[in-house]
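**Q** Next input, structure requested:
(2 chains)
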Amino acid sequence: MTEKERKELADLLFPNIKNTRDYYEKKYPERNLPEGAMVTRYGPSPTGSVHLGNLLSAFADMVYARQTKGSFFLRIEDTDQKRMIEGGIENITGVLHDFEILPNEGYSFGGDYGPYIQSERTEIYQTYIKDLIIQGYAYPCFMTEQEIADIREEQEINKTKIGIYGVYAQDRDLSLDEVKEKLKNKEDYVIRLKSPGDANKEIEVVDCIKGKMKFPEHNVDTVLLKKDGTPTYHFAHAIDDHLMHTTHVIRGDEWVSSLPLHIQLFQILGFTPVKYAHIAPITIKDQETGNIRKISKRKDPWFGVKYYDENGIPIDALHLYLATITNTNFEEWYLQNPEKNISDFEFSFEKQAIGGTSFDEAKLVNLCKTYFSRKSGEEVYEETLAWALKHDKEYAELLLGNKEDMIKFLSIEKDGPRPRKDISKYSEVREEFSYAIDSLFEKENYKKNESEKEYDISLIKDYIENHLNLDTDNETWFNGIKEFASSNGYAASPKDYKKAPDDYKGHVGDICEAIRVMITGRLKSPDLFSIMKILGKDRIIKRIEMYQKHESVNTVK
RNA sequence: GGCGAGUUGGUGAAGUGGUUGAACACACUGCCCUUUCACGGCAGCAUUCACGGGUUCAAAUCCCGUACUCGUCACCA
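**A** Residues are numbered from 1 along each chain as shown, chains lettered A, B, ... in the order given. Sure, this is the predicted structure:
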């Protein structure tokens, strides 16, 4: 076809497109940003629920844009209307808000480079595709699904490269009359790239994370515009990221194979190329097979984003975890700078893992524990309450009704240099501090008695009723219980007991353990004296009686 | 099958030719501290970097081959 014929074809195909490329180039000028500023984007498609991998890439987008004073925008990639799910878009923006990974621009966030939703950009795509047709870089293809499937089968048998290219691209050189004829017969068509590539030549690609890679040139006539007139991912990516002036495309590893296509697209469109950073997928070593596998929503509950919300994993702790897998040196830095924030750390692509990033649940749990250990009692209370209001109404009521006590309990051993690490999720507070609320304690506490031991209940009762003085300090109290221990045949210190175990019934620790089990229902708890002080003598006695009752019932059985 | 990438301990990993007799963290084990549980401290935990060959005075680090794993080869993103 001559250029004149191509022009006629373009007008025939897109009679309603009146704008030219220039119009859009002027409408979306260069951004006015400081040197080195990165413009990143998160481009989810509303076809399913958000998962950890999505969060990780959005997190990277945010962090890099923020530290270079650039821009991070959200673009909804909804070109596949068939796979759209209801509420998909709201879900994406909701998750971004919930997890505090907030774009400063984009769909529902505003900005000058919109619309930030691909279904509203059809005219833009068609303007550029029209231009490509005129230039001879794109053409309508009328091949049917069956024809394509047959070619594929033939290629598989012949073990040649699969796809529509070279001799297989039947409609590549259709004459104008032939096209007109097919259009007259109302044949469906797509617009394909007329790829100028030569598979025998090599191109070198530099990825910010993976480094240099060599590929054969792209030579397949990839579909650019689908039969319904919407673009494929590849075409939309080129147009949008050019017009929105993205500087760094940070995306999942699964896209590296399309790099030759994307680079070719930028070339023939005459766009300045963007930089790419491909993030390795989050993987896991399968317990059964020992193989590394892709994470699955069914097998790995933590992969779905809901898990974090439902279990009450603090956002900040999750951010810390995302930061540690984003840059391999973050973890050590944070250890050395515990008082600093994530935003103080300088992220770099060089420190990003090239291979698969495996999910380390134990590490996340540890991060969470450290997070909680640094929070004050009030903070833990408020945050837990906020979580419970959403996920455990009954507990939220109890928290509200027992605020004062609860904060006191949550504050035990918080002021020292070595805070406890006993909670890793909001959902654990109820169980971990069940002794803090009377009604909860009565209802749930002795259900599973952690200790198998039998304690001398009357001895403990005697101690509480006749020897316990709560109106004192920890040291005096402890000296008192030591005295009590030795006058009742127990060793005053575990060391004495160890030296001559036969001389004693046990040691102070055993008495403390008995008290602890009776008043908290558990073997582990924060400082015992602090707990007793908060409870007061009456409640302590009541609990010991409850314990006694519980035990006698059990013995009868 | 073609193309691209990865392979270091129980786990996450550091490491880009010689201060690595392989960091650090998590987990685990032991000891110490301690009224208990924690927290904290100390120690232990890969004679070796998937395997085989090569280059070099010197290799986890460079090259080649093999194996395995992952990604991709759609009018899905």
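
**Q** could you list every residue that touches residue A:343?
**A** Neighbour list for residue A:343: A:63, A:66-67 [criterion: Cβ atoms under 8 Å, 6 or more residues apart in numbering]. Just so you know, the C-beta spots here come from the backbone N, C-alpha and C atoms, and that holds for glycine as well.

**Q** Could you list which of those belong to helices?
**A** Residues of these located in helices (DSSP state H): A:63, A:66-67.

**Q** Now stretch A:412-425: buried residues?
**A** A:412, A:414, A:419-420, A:422-425 (16 or more other Cβ atoms under 10 Å).

**Q** Buried residues in stretch A:525-542, which are they?
**A** Those buried within stretch A:525-542 under the rule 16+ other Cβ under 10 Å are A:525-526, A:528-535, A:539-542.

**Q** again, but for stretch A:422-438
**A** A:422-430, A:432-437.

**Q** Pull the most distant pair out of those.
**A** Spatially, the most separated pair among these is A:424 and A:437, at 20.5 Å (Cβ to Cβ).

**Q** Let's have the contacts of residue A:343 in CSV, adding pLDDT.
**A** CSV is the format used below for these (pLDDT from 0 to 100):
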residue, pLDDT
A:63, 95
A:66, 95
A:67, 93
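
**Q** just the residues you listed now: which is nearest RNA strand B?
**A** RNA strand B lies nearest to residue A:63 out of those, by Cβ to the nearest atom of the strand, at 17.0 Å.

**Q** Surely residue A:329 is in contact with residue A:351?
**A** Yes - contact criterion Cβ atoms under 8 Å: residue A:329 and residue A:351 qualify, at 5.1 Å.

**Q** Common neighbours of these two, please.
**A** Counting by Cβ under 8 Å, 6+ apart, no residue touches both residue A:329 and residue A:351.

**Q** taking the buried residues of stretch A:422-438 one by one, which sit in strands?
**A** Among the buried residues of stretch A:422-438, none falls in strands (DSSP state E).

**Q** contacting residues around residue A:152?
**A** With contacts defined as Cβ under 8 Å, 6+ apart, the neighbours of residue A:152 are residue A:162.

**Q** Residue A:161 versus that one, what's the distance?
**A** Separation of residue A:152 from residue A:161 (Cβ to Cβ, to the nearest Å) stands at 11 Å.

**Q** Residue A:219 now?
**A** 9 Å.

**Q** RNA strand B contacts on the stretch 51-200 of chain A?
**A** For the stretch 51-200 of chain A, the contact set with RNA strand B under Cβ under 7 Å from any atom of the strand comprises A:77, A:79-80, A:82-83, A:143-145, A:148, A:152, A:159, A:161-164, A:188, A:190.

**Q** And the residues you listed, which of them are buried?
**A** The neighbour count (16+ other Cβ under 10 Å) marks A:77, A:79-80, A:143, A:163-164, A:190 as buried among these.

**Q** could these be laid out in TSV, adding secondary structure and pLDDT?
**A** Shown next, in TSV, are those (DSSP: H, G, I helix; E, B strand; the rest coil; pLDDT from 0 to 100):
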residue	secondary structure	pLDDT
A:77	coil	97
A:79	coil	94
A:80	coil	92
A:143	coil	95
A:163	coil	93
A:164	coil	95
A:190	strand	96
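
**Q** Redo the residues you listed as TSV? Include distance to residue A:261.
**A** Conversion of these to TSV gives the following (distance: Cβ to Cβ, whole Å):
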residue	distance to residue A:261
A:77	17
A:79	16
A:80	18
A:143	19
A:163	11
A:164	13
A:190	16
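
**Q** can you tell me which two in those are farthest apart?
**A** Farthest apart among those by Cβ to Cβ are A:77 and A:143. That separation is 25.8 Å.

**Q** and the closest residue to residue A:235 other than its chain neighbours, how many neighbours does it have?
**A** Of all residues not flanking residue A:235 in the chain, residue A:224 sits nearest, at 4.3 Å (Cβ to Cβ, 6 or more residues apart in numbering). By the measure other Cβ atoms under 10 Å, the count of residues near residue A:224 is 26.

**Q** and what of residue A:242?
**A** Neighbours of residue A:242 under the rule other Cβ under 10 Å: 21.

**Q** which SS class is it?
**A** Under DSSP: H, G, I helix; E, B strand; the rest coil, the three-state class of residue A:242 is helix.

**Q** Quickly note the distance from the nearest residue to residue A:174 once chain neighbours are set aside to residue A:15.
**A** Distance criterion Cβ to Cβ, 6+ apart; nearest residue to residue A:174, sequence neighbours excluded, is residue A:139 at 7.2 Å. For residue A:139, the distance to residue A:15 equals 17 Å [Cβ to Cβ].

**Q** between the two, which one's more packed in?
**A** residue A:139 (25 against 9).

**Q** now the helices: where do they sit in the stretch 1-150 of chain A?
**A** In the stretch 1-150 of chain A, the helices defined using DSSP state H, counting those that start in this stretch lie at A:3-13, A:21-27, A:52-67, A:88-98, A:122-135, A:145-158.
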